[in-house]
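Here is a sequence with its predicted model. Questions after.
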Amino acid sequence: MTYRNPPTTPRKSATFDDYTLSEIRRAAATGIYDIRGAGAKRKLPHFDDLLFLGASISRYPLEGYRERCDTSVVLGSRHAKKPIELKIPITIAGMSFGSLSGPAKEALGRGATLSGTSTTTGDGGMTEEERGHSKQLVYQYLPSRYGMNLRDLRRADAIEVVVGQGAKPGGGGMLLGQKISDRVAEMRTLPKGIDQRSASRHPDWTGPDDLEIKILELREITDWEKPIYVKVGGARPYYDTALAVKAGADVVVVDGMQGGTAATQEVFIENVGQPTLACIRPAVQALQDLGMHRKVQLIVSGGIRNGADVAKALALGVDAVSIGTAALVALGDNDPRWEAEYNELGTTSGAYDDWHEGKDPAGITTQDPELMKRVDPVAAGRRLANYLKVMTLEAQTIARACGKNSLHNLEPEDLVALTIEAAAMAGVPLAGTNWIPGKNGF
Amino acid sequence: MPATSKATRESHARVFDLDVSSLRELNQALHNLTPGSNETAWEVLNPKGNHSVAVGVDQPVSIDVRGSVGYYCGGMNSGSTITVHGSAGPGVGENMMSGSIVIKGDASQYAGATGKGGLLVIEGNASSRCGISMKGIDIVVHGNIGHMSAFMAQSGNLVVLGDAGDALGDSIYEARLFVRGKVDSLGADCIAKEMRPEHLELLQGLLDRAGLTGVKPSEFKRYGSARTLYNFNIDNADAY
């Protein structure tokens, strides 16, 4: 019997892991960068790295089933004659008709309205589906100005000047030809079937001083009635927030890198911008330094999934959160019931992100008339409302346990962090210590 | 609002003196107009570079602005006829839906940006990015236009009697550009195109609407999209 040396176990590189290798092969074969939807998929410091302390001897809780815990929030009271009043501090983020099907937009409007919150248009104009079914609709004012018109501006409940989004701060949008149906093409004044590029810069203003003049114009056009939001990607949250306030914003929306997109380069989504958790404290600090915290409202989005995330964001000082990806999942996106079809597309439920291709088996990120029939706007809207209700109840449960009769009374002192990174980003102590990295010289 | 009662005997126009009344009062009064109003003639005195003069007007009235304006004059105009007896700052007629705006002097950057319809006439020169992202508006410039004009222009017509700066029509879609003078350079995917009879006819109509006589369509060259960048192709990457 011949002796064989003991073999080593085959070892894959941590640097060149299976995904990285597959991407190199894909790039070599196609010569095109990978485009996909959704937000950053890499593991990031997030709300999971924070914990609430709850009540104890020094704090007393509220009775879970008896004592009231307020969830309402008013947005836009700084300058607008008609601020938005929401029953819950969770709004639906901007997602375009074009990237989403008409029934999906309608479902978002129905779900938001049932829940007493607002929904938001996107880079493609306002559709009758969403205006008709959204009691409170935020109209995005984007660099492309697709479908932008005076009538829709005046029938909006608020205007959101979009400077950037978390998935791609500094990047424009892309809607590939497959999704440019006749209706989408008409709304965007473009030929059918061509790739539609949304500009990365606004065409008629640059910088904070111009933005102030632009906001003045929007206020004048709408007779100072509507709240004006400014949305930025999570790039420089302290300065972007301060400059938005200086420019006259009623509400600042900061979108972290887990925030989704309809279609952007993978390399952009994963490598540009900051995690949502890292954006919150600098944005709140900017408001506090200007004496504008709670006067200009802060909305944060990017990876909000449950009531704990909502409560943690509010405890860190935000006024409301916004959900996009989670809302799509509530409507039916990436549902395992379509697993066979996801497999045919070379993916699996939960991982499907080729939203730009317009083949979504769930009928949400598509303009295919047959696929979009799979979204029943009434039932999907109901699911979204259920989900929003659960998130709200969860956040209230935590707030009561912390002794708060309003979600907005949650505070950083209610939190600790599980990791040094999260402690540094959130500005709360590492669990079991009184150490906040970066504070007091350490 | 004392200034509003100072209607001139000659014109019976409703006069707003921005030295006396606020911009807010002016725009609110214009927005309060209802269809069929008899207040069809308006005059704005002392604009003195104010921003957002006569924005969001949606009734077919005429507005004479006596002097120069700042940013976004006539923004989102829907059906009114605005004449600026002076020069205009950035973004004049931005996102105009319909109606017309005439600038007797020069216009700054982004004139007619993203305009959906209507007619914008600039009797002097226009600066850079004239007609950027235009979506159906017609723009006629008597003088020259600056660089990057008609960037990502989607539809509508841009007529320039003078010269155009660098990178005209960069990443243009279906807008038509007519330039009588020289073009410093064309942007990505913008090419000179044949002037066919239908284009001469279209251009004549635009010149007529702009009140230009004695200018021959045959003196212009037409530019538009080569349509090579309409669908992404890696071999075009050098063009960007």
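Sure thing, it's come through. Residues are numbered from 1 along each chain as shown, chains lettered A, B, ... in the order given.

State the three-state secondary structure for the residue in chain B positioned nearest to chain A.
Minimum separation of chain B from chain A (Cβ to the nearest Cβ) falls at residue B:56, amounting to 3.4 Å. Every C-beta, even on glycine, is put in place using the N, C-alpha and C of the backbone. Three-state assignment for residue B:56 (DSSP: H, G, I helix; E, B strand; the rest coil): coil.

unless I'm mixing things up, it is touching residue A:221, no?
Yes - the pair residue B:56 and residue A:221 qualifies as a contact (Cβ atoms under 8 Å) at a distance of 3.4 Å.

shared neighbours of the two, anything?
A:150, A:153, A:154, B:27, B:75, B:76 (Cβ atoms under 8 Å, 6 or more residues apart in numbering or on different chains).

is it possible to export those residues to JSON lines including secondary structure, pLDDT and distance to residue A:144?
Compiled in JSON lines, the shared contacts of residue B:56 and residue A:221 are given as follows (DSSP: H, G, I helix; E, B strand; the rest coil; pLDDT from 0 to 100; distance: Cβ to Cβ, whole Å):
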{"residue": "A:150", "secondary structure": "helix", "pLDDT": "97", "distance to residue A:144": "17"}
{"residue": "A:153", "secondary structure": "helix", "pLDDT": "97", "distance to residue A:144": "15"}
{"residue": "A:154", "secondary structure": "helix", "pLDDT": "96", "distance to residue A:144": "20"}
{"residue": "B:27", "secondary structure": "helix", "pLDDT": "98", "distance to residue A:144": "26"}
{"residue": "B:75", "secondary structure": "coil", "pLDDT": "98", "distance to residue A:144": "17"}
{"residue": "B:76", "secondary structure": "coil", "pLDDT": "98", "distance to residue A:144": "16"}
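
Nearest to residue A:318 among these?
Using Cβ to Cβ, residue A:153 is the member of those that lies nearest residue A:318, at 26.8 Å.

and the closest one, how many neighbours?
Residue A:153 has 19 neighbours, counted by other Cβ atoms under 10 Å in any protein chain shown.

Kindly report the same for residue A:85.
By other Cβ under 10 Å, neighbour count at residue A:85 equals 14.

Look up which residues are beta-bridged to it.
residue A:74 (DSSP bridges).

For the helix or strand of chain A with the lowest mean pLDDT, which outside residues touch it?
Lowest by mean pLDDT, DSSP states H and E among the helices and strands of chain A is strand A:173-175, with a mean of 72. For strand A:173-175, contacts defined as Cβ under 8 Å, 6+ apart pick out A:35, A:96, A:98-99, A:123-124, A:142, A:144, A:184, A:195-198, A:261-264, A:356.

try 10 Å this time
Strand A:173-175 has contacts (Cβ atoms under 10 Å, 6 or more residues apart in numbering or on different chains) with A:35, A:96, A:98-99, A:122-124, A:142-144, A:146, A:162, A:165, A:168, A:184, A:188, A:190, A:194-200, A:261-265, A:356, A:358, A:367, B:232.

Kindly report the same for stretch A:206-213.
Here stretch A:206-213 makes contact (Cβ under 10 Å, 6+ apart) with A:161, A:163, A:202, A:204-205, A:230, A:239-240, A:242-249, B:51-52, B:70-72, B:89-91, B:109-110.

related to what we said a few turns ago, where neighbours are concerned, which of the shared contacts of residue B:56 and residue A:221 has the most?
Of the shared contacts of residue B:56 and residue A:221, with other Cβ under 10 Å as the count, residue B:75 tops at 29 neighbours.

Tell me who's in contact with that one.
A:150, A:204, A:214, A:217-218, A:220-221, B:51-57, B:91-96, B:101, B:113, B:115.

For burial, what's the neighbour tally of the closest residue to it other than its chain neighbours?
Distances taken as Cβ to Cβ, 6 or more residues apart in numbering or on different chains place residue B:55 nearest to residue B:75, at 4.1 Å, with adjacent residues excluded. Residue B:55 has 29 neighbours, counted by other Cβ under 10 Å.

hang on, isn't residue B:55 packed against residue B:101?
No - with contacts counted by Cβ atoms under 10 Å, residue B:55 stays clear of residue B:101, the gap being 11.3 Å.

any common contacting residues for those two?
B:73, B:74, B:75, B:77, B:93.

and the two most separated of those residues?
Largest separation among those by Cβ to Cβ: B:73 and B:77, giving 9.1 Å.

what is in contact with those two at once?
By Cβ under 10 Å, 6+ apart, residue B:73 and residue B:77 have these common neighbours: B:54, B:55, B:63, B:92, B:93, B:94, B:101.

Keep only those of the contacts of strand A:173-175 that are in helices.
A:184, A:188 (DSSP state H).

mind listing which of the contacts of strand A:173-175 are in strands?
A:35, A:162, A:196, A:197, A:198, A:264, A:265 (DSSP state E).

Of those, keep whichever come out buried.
Burial by neighbour count, 16 or more other Cβ atoms under 10 Å in any protein chain shown: within those this picks out A:35, A:162, A:196, A:197, A:198, A:264, A:265.

got the contact list for residue 122?
With no chain named, the answer covers chain A. Here residue A:122 is in contact with A:93-100, A:105, A:130, A:139-140, A:142, A:146-147, A:160, A:162, A:173, A:198, A:262, A:324 (criterion: Cβ under 10 Å, 6+ apart).

not quite, I wanted chain B
With contact set as Cβ under 10 Å, 6+ apart, residue B:122 has these partners: B:84, B:87-88, B:92-93, B:101-107, B:111-112, B:130, B:139-143, B:145, B:160, B:210.
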